[in-house]
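Novice: Sequence plus predicted model, see below.
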There are 2 protein chains.
Amino acid sequence: MRKSVTILDIAKLAHASPATVSRVLSNSSYPVSAELKRKIKSAAKELNYTPNLLGRQLKTNNSMTIGIIVPSISNPFYSSIVLGVEEIARANGYQVLLCNSHQDVILEKQFLQTMLEKQVKGVIISSISAEKNLLRQFSDKGICVISIDQHREGEDIYQINYDYRKGGFMAASHLAECGHTKIAFVTAPLDRPSRIYMVQGFRDALRESRILFNDGYLLVSEIPKNTNYNSNIEFENGKTMARRLTELSDRPTAVVACNDLMALGFIYELNRLGVRVPDDVSVIGFDNIDFANISMPPLTTVDHPKYEMGKFSCGMLFQVLNGENVNISEIVLQPKLVIRNSVRVLANC
Amino acid sequence: MRKSVTILDIAKLAHASPATVSRVLSNSSYPVSAELKRKIKSAAKELNYTPNLLGRQLKTNNSMTIGIIVPSISNPFYSSIVLGVEEIARANGYQVLLCNSHQDVILEKQFLQTMLEKQVKGVIISSISAEKNLLRQFSDKGICVISIDQHREGEDIYQINYDYRKGGFMAASHLAECGHTKIAFVTAPLDRPSRIYMVQGFRDALRESRILFNDGYLLVSEIPKNTNYNSNIEFENGKTMARRLTELSDRPTAVVACNDLMALGFIYELNRLGVRVPDDVSVIGFDNIDFANISMPPLTTVDHPKYEMGKFSCGMLFQVLNGENVNISEIVLQPKLVIRNSVRVLANC
DNA sequence: CTGTTAGCGCTTTCAA
DNA sequence: TTGAAAGCGCTAACAG
């Protein structure tokens, strides 16, 4: 590897000063004569020059990079978000540093620190940490942070949220309307706002429908230890939960799952056990990932505009970066029930 | 946003020189007295110091960043790869810049250029471009490039490939062994090595089984224009192909699809049209993504060790970066048939 | 063990 | 319209 060519080499070759070369090559609006401009450009081409952005970035204090932290990109829910973010970032000439927290609070914190050090201009995070003021140091350093999906209580940061409570409410209400009264809730650990709100909405709906909630119907999966989180785990958890459900003495006729992956695993296992969906057990999922379509039967679920959330949050980030006045600091996206074929309408309806 | 604190501020506060501060804060092995070390560390904490890696990176010419380019992370196939890469990168203290090429050759090239400028230490790419010497300038600049999944003919770069030919062969052979003779191949455009090799293997298998391949059985989907590539497109293409299949005068009894997403869409649509899988039509997919399990029926498919490919390629990258002698420049991963329930064994077998 | 100093590659005043 | 020179934050010779 030979010494890399810099602006100085070009200056020499084009008989110009480094300053002028910089102005030409960085598309500055600064006036430079057409003649010199041409000479510099051709010199750059001749030397096969590649600008070293580290130099520029250090000088201008702008890394043209944003970071995104999600639990795991292997979950289609998050890959949709990331895709949306990346799209808007690209449109603005930025790149994105991707971090999978693997549901690990410590890892998440490390990533946050590294991003700070790498001088990202902003961070979009779906945090699984409950730590207060986790994101404080970013605002302190003038770095824009947008928290998405997981509501952060009482922190003075931008948030794009989703009404999980209402989503849980809609799911349970739908089941109630279809005549179900023995309704279970199948979920991963209630260790974060989204899931807590969901259960809350779920319970509210039952109460409103005058359905008594049997606490034995709240099925919570274990946290897998010492393993990288990925989509398979949710799916497997769904399978486990299905087995637990079938062992229940007074078996529910319907369940809502905290996400589609889990619902899909749940249905898979029920099929395998010979329990028919929706004939024997109805299932409602959450998120409406693309794959909600392909299960047998196609999954009725609560839609979450993930991709839009990604685009939206990143758009907001750039508004803030560009100094536009963003006066709304919290936005709440709305759930929508998507009815497919995994819920049975009972006769008494 | 106040002026950010630098190594100099700490030096002042701790009554030390910037050099010493640097040595302490960058965990250099350079000897510093315990006393001074302590003072510097506490000063750093007091000032809430965050190192600016841009400075270090410029100086040391090491960005501690690698790049990865894939068509789209919304495809679980690629998100698995990325997950593997990210894991190894993290273990080595590196971060990864994620780029989705959206199957766009021009975009891919731009990303490559930006990575060059951002001084990544290496790039892992599943390229959809057929351009010769696309990756040449990286080796020229001493940047390690590892091409994955898509075989690059005659380019002097590291490659981790997969035997798509053999995979196609295995799929077709399996169908032949199950007694099928009217076998279709359903694929996205044959614009890259993987697919071309697959068809080739497919044809070879038929020939070997003395089955005549009807050219009308090669169903190739259109390239969607003016839209960002994502997993939904593959799925939709699969649906379209299913409709095309049912319109064929002499309908095949079996098909192999070029990837699971497509196979899943294909099955979905057949189900909808009342064509039973595998009773009426057998289907084999490709990749063995997690979701291959959840279709109805569960998909028989050809396994691709994607996640391992990601880890492996990134491991190789670091071997090269660390100057270890990597004498194998091309590695070929092997396919494996995963039999589930989407293939019917015909009576005459 | 500690400090001085040069400089990574670039941009940007400021002066000409 | 051009150039000289300072300096972004950090590290690494080198000297002491």
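Specialist: In hand now; what should we look at?
Novice: what does the helix or strand of chain A with the lowest mean pLDDT rub up against?
Specialist: Ranked by mean pLDDT, DSSP states H and E, the helix or strand of chain A with the weakest confidence is helix A:136-140, at a mean of 83. Residues from elsewhere that reach helix A:136-140, judged by Cβ atoms under 8 Å, 6 or more residues apart in numbering or on different chains: A:112, A:116, A:123, A:144-145, A:155-157, B:48, B:50. For the C-beta atoms, the positions are set from N, CA and C on the backbone; glycine is no exception.
Novice: and that helix, which residues are buried?
Specialist: In terms of neighbour count (16 or more other Cβ atoms under 10 Å in any protein chain shown), helix A:136-140 has its buried residues at A:138-139.
Novice: touching chain B at all, the helix or strand following it?
Specialist: Sequence order places strand A:144-148 as the next helix or strand after helix A:136-140, per DSSP states H and E. No - Strand A:144-148 stays clear of chain B (Cβ under 8 Å from any Cβ of the partner chain), getting no nearer than 10.9 Å.
Novice: Which secondary structure elements does strand A:144-148 sit against?
Specialist: Counting contacts by 3 or more Cβ pairs under 8 Å, 6 or more residues apart in numbering or on different chains; DSSP states H and E, strand A:144-148 packs against strand A:122-125, helix A:136-140, strand A:158-162, helix A:306-321.
Novice: Compare those and give me the one nearest DNA strand D.
Specialist: helix A:136-140 (15.2 Å; Cβ to the nearest atom of the strand).
Novice: Assign the residue in the stretch 101-250 of chain A that DNA strand C sits nearest to to one of the three secondary structure states.
Specialist: Ranked by Cβ to the nearest atom of the strand, the top residue of the stretch 101-250 of chain A for proximity to DNA strand C is A:Gln119, at 13.0 Å. When classified by DSSP: H, G, I helix; E, B strand; the rest coil, A:Gln119 comes out as coil.
Novice: A:Ile284 looks like it's in a strand, true?
Specialist: Yes - assessed by three-state DSSP, A:Ile284 belongs to a strand.
Novice: That one contacts A:Val256, doesn't it?
Specialist: Yes - in this structure, A:Ile284 is within contact of A:Val256 by Cβ atoms under 8 Å, at 4.4 Å.
Novice: Which parts of the stretch 51-200 of chain A are helices?
Specialist: Ranges of helices in the stretch 51-200 of chain A, per DSSP state H, counting those that start in this stretch, are A:53-60, A:76-91, A:105-117, A:136-140, A:164-177, A:193-208.
Novice: would you list these in TSV and tack on distance to DNA strand D?
Specialist: Formatted as TSV, the helices of the stretch 51-200 of chain A follow (distance: least, Cβ to the nearest atom of the strand, whole Å):
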stretch	distance to DNA strand D
helix A:53-60	4
helix A:76-91	24
helix A:105-117	8
helix A:136-140	15
helix A:164-177	40
helix A:193-208	35
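Novice: Please report the distance of A:Lys336 from chain B.
Specialist: As judged by Cβ to the nearest Cβ, to the nearest Å, A:Lys336 and chain B stand 18 Å apart.
Novice: Any idea what that residue is bridged to?
Specialist: Beta bridges link A:Lys336 to A:Asp303, judged by DSSP bridges.
Novice: what about it, how many neighbours?
Specialist: Counted with other Cβ atoms under 10 Å in any protein chain shown, residues neighbouring A:Lys336 total 14.
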